[in-house]
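> Sharing a model prediction with you, sequence too.
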Amino acid sequence: MPLFDRRKVFAFAPLVAVSTAIAASTTSSRAMTANTNGFSTRNSLIMLVDHQTGTVNWVKSIPKETVVTSCRVLAKMALAYDMPLILTTTVEQQVGPTIPDLQQIAPEAYAHRYARGGQLDCWDDARLQQGVAALGRKKIILAGLTTDICMYWAATSALKLGYEVLVVADACGTTSTQGDEMTYARLRKAGAEVSVVNQVVTELANDFSTAEGQKAQKIMADEIISKL
């Protein structure tokens with residue numbers, strides 16, 4: 001007796017082909033949905049809150065060099081992909097200006113930064129609320145100093161205003177690891193996503209074989225890989 005019936009195999013083959021096609025179509029549809037609903041260069045903006053010469057020196061929870069590098073990557077991504085880049089500062093007279101790295105990489109964003117007084121929440125600045133709303137993008141890739149003060153209030157207020165928020169943890173920091181941990185726990189509970197810069201970059205540009213993807217690859221190579 002033959003080990004298999006050729007007629008059954010040939011009869012079954014079209015069903016396999018159809019099932020495979022359906023599965024591929026479903027996978028493709030899911031991927032497209034994920035890309036549509038996720039953070040992309042077309043639907044997101046990048047906001048860097050209060051990365052100033054004074055605040056960066058308060059960072060003890062992670063190396064401040066990591067914070068600066070991550071901010072450089074985010075700023076370069078914004079410029080490379082024509083994403084809106086929002087910079088804010090608070091009480092510059094006491095805390096200092098935006099860190100030199102961001103001034104040099106994004107001079108236009110620095111010139112148009114939202115410099116405010118003593119409000120801890122940058123969204124208390126009506127100019128910022130109106131300026132961000134005018135951009136028409138509802139997804140914010142956010143980082144700030146310090147994690148547990150200005151970044152926390154920026155994230156929670158953005159959520160209340162109807163934005164989706166993705167916090168880049170290695171572009172943030174504060175005086176203690178506990179401060180970071182407690183803040184991220186509260187933000188997740190409030191509805192924010194928390195990630196790191198490498199993952200954010202590869203969500204924004206996840207195909208390095210294309211000309212567009214190679215721009216992100218070069219940024220990562222220059223700012224991260226070359227320093228390992």
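Yep, it's here. Residues are numbered from 1 along each chain as shown.
> Break this protein into its domains for me.
Listed by automatic domain parsing, the domain ranges of the chain are 1-37, 38-227.
> Now do the longest one, average pLDDT.
The predicted model assigns domain 38-227 a mean pLDDT of 98.
> All the strands of the chain, in order from the start?
44-49, 85-90, 114-116, 139-144, 164-168, 193-195 (DSSP state E).
> How far does the fourth one sit from its chain's centre?
In terms of Cα atoms, centre = their mean, to the nearest Å, the centre of strand 139-144 is set 6 Å apart from its chain centre.
> who's in contact with it?
Applying Cβ atoms under 8 Å, 6 or more residues apart in numbering, the contact partners of strand 139-144 are 39, 43-51, 70-71, 74, 88, 132, 150-151, 154-155, 158, 163-168, 171-172, 200. C-beta: built from backbone N, CA, C; applies to glycine.
> Quick check: bridge partners of the residue nearest in space to the middle of the chain?
Most central in the chain under Cα atoms, centre = their mean is residue 141, positioned 3.6 Å from the mean C-alpha point. Under the criterion DSSP bridges, residue 141 forms beta bridges with residue 46, residue 166.
> Report the separation between it and residue 47.
7 Å (Cβ to Cβ, to the nearest Å).
> wait, isn't residue 147 in contact with residue 173?
Yes. Using Cβ atoms under 8 Å, residue 147 is in contact with residue 173, at 6.0 Å.
> okay, and the common contacts of these two?
Contact with both residue 147 and residue 173 is made by residues 61, 180, according to Cβ under 8 Å, 6+ apart.
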